[in-house]
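>>> Sequence plus the predicted model coming up.
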2 protein chains.
Amino acid sequence: MSANAAPTPARRGRPGYDRAQVLAVAVELFNEQGYDATSVADLAQRLGLTKSALYHHFDSKEQLLALALDEALGGLEGVLDDPAIAEAAPAERLAAVLHGAVLVLVDRLPYVTLLLRVRGNSDVERAALERRRTFDHRVTALVAEAQRTGSVRADVDGAVVTRLVFGMVNSLVEWYRPGGPVDRERLTHDVVTVALDGMRTR
Amino acid sequence: MSANAAPTPARRGRPGYDRAQVLAVAVELFNEQGYDATSVADLAQRLGLTKSALYHHFDSKEQLLALALDEALGGLEGVLDDPAIAEAAPAERLAAVLHGAVLVLVDRLPYVTLLLRVRGNSDVERAALERRRTFDHRVTALVAEAQRTGSVRADVDGAVVTRLVFGMVNSLVEWYRPGGPVDRERLTHDVVTVALDGMRTR
DNA sequence: ATAGTACGTGACCGATCGTTCAGTATTGCC
DNA sequence: GGCAATACTGAACGATCGGTCACGTACTAT
């Protein structure tokens, strides 16, 4: 996820898991079983540790969730904040955002998967939902602008078409797996194609 | 949900909640908080009852889940089994299935919502996932046939386009609310339009 | 009036939950 | 060798989990 140019910068201390490794395994498990259905004991077992060893790496189960959600949200917000995208004309900008969102989703798949399943059961979850809502509003504004420009059809409600198309993009987390039969480039192309022009032949 | 031509067939015994009412409230709560995050005590509180009163209506928390999932799966399978749809030509059949799926999703929204969040944590959940997989395969076969007939674009993988379009349809559970600003007819039209022809003007 | 049915209570069970704590083990650097 | 840094153990905690039990109440059909 983060920069790892140096393979391992010769860490001091007893070897074992570090924070990032524990987080990655935790997110994997949260996605398999759901956050609430995953106990700290489950996580300890998968790592081959005791429960108490985990509390050396983080303060609470919820902190793991917060770190993971931030990873996902940061990526998505980065797409909208990308200067190269922000300066394009509405029509291309929309396609670029779509393209960028798919890439973030694929590259940070476990983290985005977790984000999309958050229900607002705690302060951490509610804060994440709020950030997501802001992201959605910014995209909806972009679609509305594209409708005024004439590059997006005006016979369907802008907010509805935004939700539909991003619903399509987000649904990738339900089935896409890196290393599977569909590769990254093929996938982004197909998604943008279907989103813009639909499944029907013309 | 089930047939209720008679308003209330004069039930005997002490009045109170019946099975269907408890189930409806349970599903509502499961969708708000997640199945695992919802305790039987939570459900009892929302109904204004004690926990043990609930066990008069059902055998286990999991039984509630099973009943709800069956409600959703039955509806979806009914679309594919609909004789009027099965006899149409591939192109119209696909549009009809899309249309029908949206209607089932809207009419049984809480139940389908729950179904789409199942992760396979128990035998009940795994059985539901298996039924859903069968449904998906039948739809994928339909799209493949439409591609051979030429009514669906062949430049994207059939399985991928199926997943994308149904991902779009399923994402409705994340935001659509009956009685909200978007009505049922408008919604089904918009979904079918965007799925078939995309968001871009031509 | 009464029998039968449906609905509900309150106290309790063992299991599991997330979390804490005092102590121990293994490494790199000086 | 000594020290700082990092990783981990085992036992225990209070709380909450899904579920059970013996029993009391309110209604309807006959």
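That came through fine.

>>> make it CA atoms for all contacts and neighbour counts henceforth
OK.

>>> Touching, residue A:159 and residue A:140? I think so.
Yes. Between residue A:159 and residue A:140 a contact is recorded at 5.9 Å, counting by Cα atoms under 8 Å.

>>> More neighbours: which of these two?
Under the criterion of other Cα atoms under 10 Å in any protein chain shown, the comparison of residue A:159 against residue A:140 puts residue A:140 first, with 18 against 15.

>>> tell me the contacts of the more buried one?
A:158, A:159, A:162 (Cα atoms under 8 Å, 6 or more residues apart in numbering or on different chains).

>>> how near is the first one to residue A:146?
Residue A:158 sits at a distance of 9 Å from residue A:146 (criterion: Cα to Cα, to the nearest Å).

>>> Quick check, pLDDT for the closest residue in space to residue A:199 that isn't next to it in sequence.
Nearest non-adjacent residue to residue A:199, counting by Cα to Cα, 6 or more residues apart in numbering or on different chains: residue B:196, 4.9 Å away. Looking at residue B:196, its pLDDT is 95.

>>> Over to residue A:5?
On the pLDDT scale, residue A:5 gets 38.

>>> Please see if the helix or strand harbouring residue A:56 touches DNA strand D.
According to DSSP states H and E, residue A:56 maps onto helix A:51-57. Yes. Helix A:51-57 lies within reach of DNA strand D by Cα under 7 Å from any atom of the strand, at A:51, A:52, A:53, A:54, A:56, A:57.

>>> what about stretch A:16-28, near chain B?
No. Taking Cα under 8 Å from any Cα of the partner chain as the criterion, stretch A:16-28 and chain B are apart, separated by no less than 13.0 Å.

>>> can you count the residues close to residue A:74?
Residue A:74: 12 neighbours (other Cα under 10 Å).

>>> And the one 3 residues further on, by the same measure?
Here the neighbour count serves as a burial measure; for residue A:77 (other Cα under 10 Å) it reads 17.

>>> which residue sits closest to it in space, ignoring its chain neighbours?
Residue A:77 sits nearest to residue A:135 (Cα to Cα, 6+ apart), 6.7 Å away.

>>> same question for stretch A:75-88, mean pLDDT?
95.

>>> Next, give phi and psi for residue A:38.
phi -100, psi 120 (degrees, to the nearest 10).

>>> OK, contacts around it?
Per Cα under 8 Å, 6+ apart, neighbours of residue A:38: A:29, A:30.

>>> Now do it against DNA strand D, distance only.
13 Å (Cα to the nearest atom of the strand, to the nearest Å).

>>> residues contacting residue A:73?
Counting by Cα under 8 Å, 6+ apart, residue A:73 makes contact with A:112, A:115, A:128, A:131, A:132.

>>> Tell me the buried residues within these.
A:112, A:115, A:128, A:132 (16 or more other Cα atoms under 10 Å in any protein chain shown).

>>> who in chain A is up against chain B?
Residues of chain A lying near chain B (Cα under 8 Å from any Cα): A:32-34, A:36-37, A:119-121, A:150-153, A:156, A:160-161, A:164-172, A:190-191, A:194-201.

>>> Return a ChimeraX selection command for the buried portion of the residues you listed.
With 16+ other Cα under 10 Å as the burial test, the buried ones among these are selected in ChimeraX as follows:
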select /A:32,33,34,37,120,151,152,153,156,160,161,164,165,166,167,168,169,170,171,172,190,191,194,195,196,197,198,199,200
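
>>> Keep only those of the residues of chain A next to chain B that are in helices.
Judged by DSSP state H, the residues of chain A next to chain B include A:32-33, A:160-161, A:164-170, A:190-191, A:194-197 as members of helices.

>>> The helix or strand harbouring residue A:65 near DNA strand C at all?
Here residue A:65 sits within helix A:61-81, counting by DSSP H and E. Yes. Using Cα under 7 Å from any atom of the strand, helix A:61-81 reaches DNA strand C at A:61, A:62.

>>> And the next helix or strand past that helix?
Downstream of helix A:61-81 (by DSSP H and E), the next one is helix A:83-86.

>>> buried sites along that following helix?
residue A:85.

>>> Can you give the contact residues for whatever helix or strand comes next after it?
For helix A:83-86, the succeeding helix or strand toward the C-terminus, using DSSP H and E, is helix A:90-107. With contact meaning Cα under 8 Å, 6+ apart, helix A:90-107 is reached by A:75-76, A:79-80, A:85-87, A:112, A:142-143, A:145-146, A:149, A:151-152, A:169-170, A:172-173, A:176, A:178, A:184, A:188, A:192.

>>> what about stretch A:41-61, distance to the chain center?
24 Å (Cα atoms, centre = their mean, to the nearest Å).

>>> Could you export that stretch as CSV, CA atoms only?
Provided in CSV are the C-alpha atoms of stretch A:41-61 (Å, rounded to 0.1, in the frame of the first residue of the first chain):
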residue,chain,number,x,y,z
ALA,A,41,-9.9,-14.4,18.8
ASP,A,42,-10.6,-15.2,15.2
LEU,A,43,-8.0,-12.7,14.1
ALA,A,44,-5.5,-14.0,16.6
GLN,A,45,-6.0,-17.5,15.4
ARG,A,46,-5.4,-16.6,11.8
LEU,A,47,-2.2,-14.8,12.7
GLY,A,48,-1.1,-17.7,15.0
LEU,A,49,-1.0,-15.4,18.0
THR,A,50,-2.8,-14.9,21.2
LYS,A,51,-5.4,-12.2,21.6
SER,A,52,-3.3,-10.2,24.0
ALA,A,53,-0.5,-10.1,21.4
LEU,A,54,-2.8,-8.2,19.1
TYR,A,55,-3.3,-5.4,21.7
HIS,A,56,0.4,-4.7,21.4
HIS,A,57,-0.2,-3.6,17.8
PHE,A,58,-3.4,-1.6,18.2
ASP,A,59,-5.6,-0.1,20.9
SER,A,60,-8.9,-1.6,20.0
LYS,A,61,-10.7,-3.7,17.3
